[in-house]
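1. My questions concern the predicted model and sequence given below.
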Amino acid sequence: MKRATHAAETNQVGRSVPRLEAWQKVTGRAEYVHNLRLPGMLYGKIFRSTVAHGRIRRIDTSAARALAGVHSVVTAEEVKSVVPEPFYGPAFHDQPVLAIDKVRHVGEPVAVVLASDPHVAEEAVHLITAEYEELPAVYDEVEAMTSKAIVHEALKPAGTFPDLKHLKGVKNTNIALDFRLRRGDAAKAMAGAERIFEHRFRTQQVMHTPLEPMVSVAECTEDHLTIHTASQSPSFVRIEIARLLGWPENRVRVRVPFLGGGFGAKLYIKLEALVAVLSLLTRRPVKISLSMDEQFFTITKHASTFKIRSGLTRDGRVVARECEVWWNGGAYADIGPRVTQKSGFTAPGPYDIENVAIDSYALYTNLPPAGALRGFGIPQLVWAYESHTDLIARELGLDPVEFRKRNILREGRPQATGTPMRDAAIEKVLERTAALLDWGKPFERGSGTLRKGRGIALGFKACIANTTSLAAVQINADGSCTVYISTVDMGQGSDTAMAQIAAEVLALPAESVTVVHSDTDVTPFDMATLGSRSLFHTGNAVKLAAEDARAQLSKLRTELGLPADCAVADVFRKKYGMRAGSVTGVGNFIPPYTPPDANGQSDNATPFWMIGGTGVEVEVDTETGRVRVTRLVNVADVGTPINPRIVETQLSGAAIMQLGFTLFEKMLFDGEGQLRNASLAEYKIPGMLDLPPEIVNEAVVSEQSTGPFGAKGVGETATFGVSPAIANAVHDAVGVRLTELPLSAESVFQALQRR
Amino acid sequence: MRRAIQFTLNGERVEAQVASHETLVEVLREDFGLFGARESCGQGLCGCCTVLVDGTAVSGCLYLATLAEGAKVETVEQGAELDAVQEAFVERAAFQCGFCTPGFVLMTRQLLAENPDPSDDDIRHYLSGNLCRCATYPEIIEAVQLAAKKRRPQ
Amino acid sequence: MSGGIALMLMMKAGVLRPSRLVSLRRLGLDRIELGAKGELRIGAMATLRALEKSPHVQQGWPVIKRTLRTLSNVRVRNVATVGGALAHGDPHMDLPPLLSALGATVTIASGGGERTSRVEDLYAGYLETTLKQGELVTQVQVPALGARKAAYLKCTTRSADDWPALGVAVVLDGEKPTIFISAATDRPMRIASAEAAGRLQIEGDLHGSAAYKKHLVSVYVKRAIDEARDARR
């Protein structure tokens, strides 16, 4: 693609710049670790547990080792020779590189076969046998609270969560975290309320299924390790691997090209510790590339149970809300505790409620681990509170939109944490969702076997805090610009957005900017690409870095006695007498933050809010229970979009993904914790034929005053309201209320039978 | 046991030593460094491994390489310039992470070769075997319509 | 190995571990023609896509073309063969119940000669056919539709593009329906009416419980009969 280098004539932000990497992606030349091969590389294939909970009695790798072409077979014993304490995790150091003494879920990695030919490695895996002494297992999150089946002998909090220290060494519990928030006096207000409503909602375990399955490659020298990995969190990987090895950070290099999808699956440590150890053991590059099926055993989305109780005045004002949320974290905590806590505090919804009590529990169970998945716990919460809200409105005989208007949080009002709402266009999103759904117009529900209905839902999320991003912006001797960031482009368009931001500051065409992909030897620290934080944090850092570079050039012009409009190339030529030199600006963005107190109260709990509204029209086939979404409206407050077209595709894409989680995706386990549908043949994700015929996406006019050029995150926003909007529409259509996801045809049909 | 086979790859006569169990996708990647076709679902359902054999789109991860002997094999890497389909995908922002994109491009070319003026319904059915987890489906449909328009003689 | 789709899936899953595969592609069995009595003669190695695009099929058996449109995806149809679809014995296939309802037959060749079988007689159970060792399906014959009208409904309970939870084929000869269902049962089954669904042996699976699938049979048989009645052919 042609790269323009002349000064920009139009704005760079607010323009639908085509993605910088368009040529690579449409010609199949984009770089993914999936494609990486290195000379002398060994492929690793994983031997996995076949029981959900058990002590490892014996692992027999002799037949595998004897197979021609097998380089070696590795178990925890060999791992410990390189890393004596091989436990990792962002919240708890509870996850072993390979199973030690126990296995805690079906599919847990127990051993690895290494060979130059991946087929040989695969064949050898089938020759490994293991014996387990099975232990009682627990699979349900509520049951796990009190179950005698204990997944971890003792809790092992990491240093990353200061408020988990008190849990170190605690035994005989599956409760990894118990988050508590109290505002006002919910019990008293509830007792005095004129109307009380209580409901219980459940969601299911699902998986991200990025089409590029998780993959990592490690190569080492005597004292240096390079990990090429499909990861959303390269800086974290470096820190954690350095910690595990006891090496300084600058001896561990983490490189990330494009990701073939992430959605939260490729975070923290997945395969990186394993390949690092294997490379150190073999002194050869080692690649582990999961199959699609194996992803289901690696990281998933929390199933949940949410009991929600509200006390209202007779005229429909919510005066108290009690929330109890159980999160099914699976066998290893991963980032579950943060979901429990940081999403947990939004459990009452975007509503102005004086008295709130939240108890949010992260539970261990003997299922594959749960972690971050687009929405980060918010969709599960919104499922409950927006279904609950609709049920209350119906009971009170109030229009669902009017009822919400009566209770929503407005600018400046304190949220459940006590943090005042700022730059959160809740009312506008609600109004636009209703308008785009023609809510004010009469709606024909039909009288035959096909019934129509419509529904609305409103959700919000607090951006994770506290986190930081750094960026470097280099102006080269010819005036061209290079941006160095550790934010990872996994399809959300971060490269393009950051280029636009730098270009806007430097008055260059965005298309002319080069963005260097994450390489911890080159690009500066970034907390991670997750939770829709990057546009705000890294964007601000890039803006600061570009401003710094611009200021340095300005200073240089002054020093050299050159006019303010002197071209950059001429400035450098004047300074060095030839084409030479560069200027590097740096930016470090740290938003203000106040950690919550023992009651979860803080005056600054988050740097920005995401607001998402969903409106749907559905058609229900009452003979089969089949639900078809005929119209899908996605409305969001994303501040002022940097790239309107990318914003639109992110809203649309997130909503369609959530459609799958709402209508048909579900990981199905039998009574022994065995997963029955670990493949795309049996775990169906949305395809072309599942699209609603009409989809409307809108970013409301708004501004994030602290965001770069008024922008904030968008990647997750359209996931929030999809599930409850559909359940609300089904209720509208056929008068039945479903409280569990997915809304499969059979479950709707059964509800119709029971009516 | 490897066997030498000859075939045409993106217009060029080539030779490869293939084992009987190797798939076309494996050979394209390992022997020829062509990474546009990728194995993802491994079951022929996602389309990421789409390759053209004798002008017909197949799932490369389910196609034994040895059966490509004497055939004309084409991948997304063929051609130096972007064609109308690729241009349309760029213009309509019809991709995000890009992992599924080569498969969609190849299938779209096939669709338009068979049906130069497809309806939305035709497009959805023809591309029902190509999955996009980023769910860029609406934009892809727009891109296909735009590509059809670009390809029609003015 | 004909198209090889099912074979490759089974080999990759580790369910089948052949030491040798023989490709049938050079037997010249891929023609699609009309016979002397106006019947459709489909070579066993004709791909599903060739069948879908055949002008004979479009003219004389449009229900086959309509059925193929949602059978797996285009890439699979480009490679999978008619013979393979019939000889695999997988009850989730769409063609066996449809061809059974149309009264189709197959020619089976072996070292000992040739025999003919009705398509409906090919199936003994889940992945079990009545084909004997050393036998090969070489051709499928589908009688002319005549004045009959036909419909095939594929019911999926998860995403739209999925293996069917239930397949229903109906051929109407005047008011007399020939009904075959598949997918919910372990092989294609002929039933007399929608009400007969209750007597079927149906197992619950990932697509739905046994009770729900039984209910779907009664709903979809009625719908298929209506659709056949409304079809132009």
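-> Looks like it arrived, so ask away. Residues are numbered from 1 along each chain as shown, chains lettered A, B, ... in the order given.

2. Tell me, how many residues neighbour the residue in chain B positioned nearest to chain A?
-> Using CB to the nearest CB, residue B:36 is the residue of chain B that sits closest to chain A, at 2.3 Å. All C-beta atoms are positioned from the backbone trio N, CA, C, and that covers glycine. Counted with other CB atoms under 10 Å in any protein chain shown, the neighbours of residue B:36 add up to 25.

3. quick one: it and residue B:74 touch, right?
-> No - contact criterion CB atoms under 8 Å: residue B:36 and residue B:74 do not qualify, at 10.5 Å.

4. Return the distance of the spatially most central residue of chain C relative to residue C:80.
-> For chain C, residue C:95 is the residue whose C-alpha lies nearest the centre (CA atoms, centre = their mean; 1.7 Å). For residue C:95, the distance to residue C:80 equals 10 Å [CB to CB, to the nearest Å].

5. Ramachandran angles for the closest residue in space to residue A:650 that isn't next to it in sequence?
-> Setting aside the residues directly before and after it, residue A:650 is nearest to residue A:714 in space (CB to CB, 6 or more residues apart in numbering or on different chains), at 5.0 Å. The phi/psi pair for residue A:714 (degrees, to the nearest 10) reads phi -140, psi -20.

6. got it, and residue C:124?
-> Given degrees, to the nearest 10, the pair of backbone angles that residue C:124 has is phi -110, psi -20.

7. and the closest residue in space to residue A:306 that isn't next to it in sequence, how many residues sit next to it?
-> Leaving aside its chain neighbours, residue A:306 sits nearest to residue A:384 (3.8 Å; criterion: CB to CB, 6+ apart). By other CB under 10 Å, the residues close to residue A:384 number 27.

8. Roughly how far does residue A:384 sit from chain C?
-> According to CB to the nearest CB, to the nearest Å, residue A:384 and chain C sit 24 Å apart.

9. re the thing from before, give me the common contacts of residue C:95 and residue C:80.
-> Here residue C:95 and residue C:80 have residue C:48 as joint contacts, going by CB atoms under 8 Å, 6 or more residues apart in numbering or on different chains.

10. residue contacts, the residue nearest to the centre of chain C?
-> C:48, C:67, C:71, C:82, C:85-86.

11. Name the nearest of these relative to chain B.
-> Using CB to the nearest CB, the shortest approach to chain B within the contacts of residue C:95 belongs to residue C:71, at 10.6 Å.

12. In terms of helices and strands, where is the closest one?
-> Residue C:71 is part of no helix or strand when elements are defined by DSSP states H and E.

13. isn't it right up against residue C:49?
-> No - judged on CB under 8 Å, residue C:71 makes no contact with residue C:49 at a distance of 9.9 Å.

14. Common neighbours of the two, please.
-> Jointly contacting residue C:71 and residue C:49 under the rule CB under 8 Å, 6+ apart are residue C:77.

15. Identify the residues contacting residue A:208.
-> A:261-265, A:295, A:299-301, A:373-374, B:133.

16. Okay, and which of the residues you listed map to strands?
-> Here DSSP state E is the test, and the contacts of residue A:208 give A:300-301 as lying in strands.
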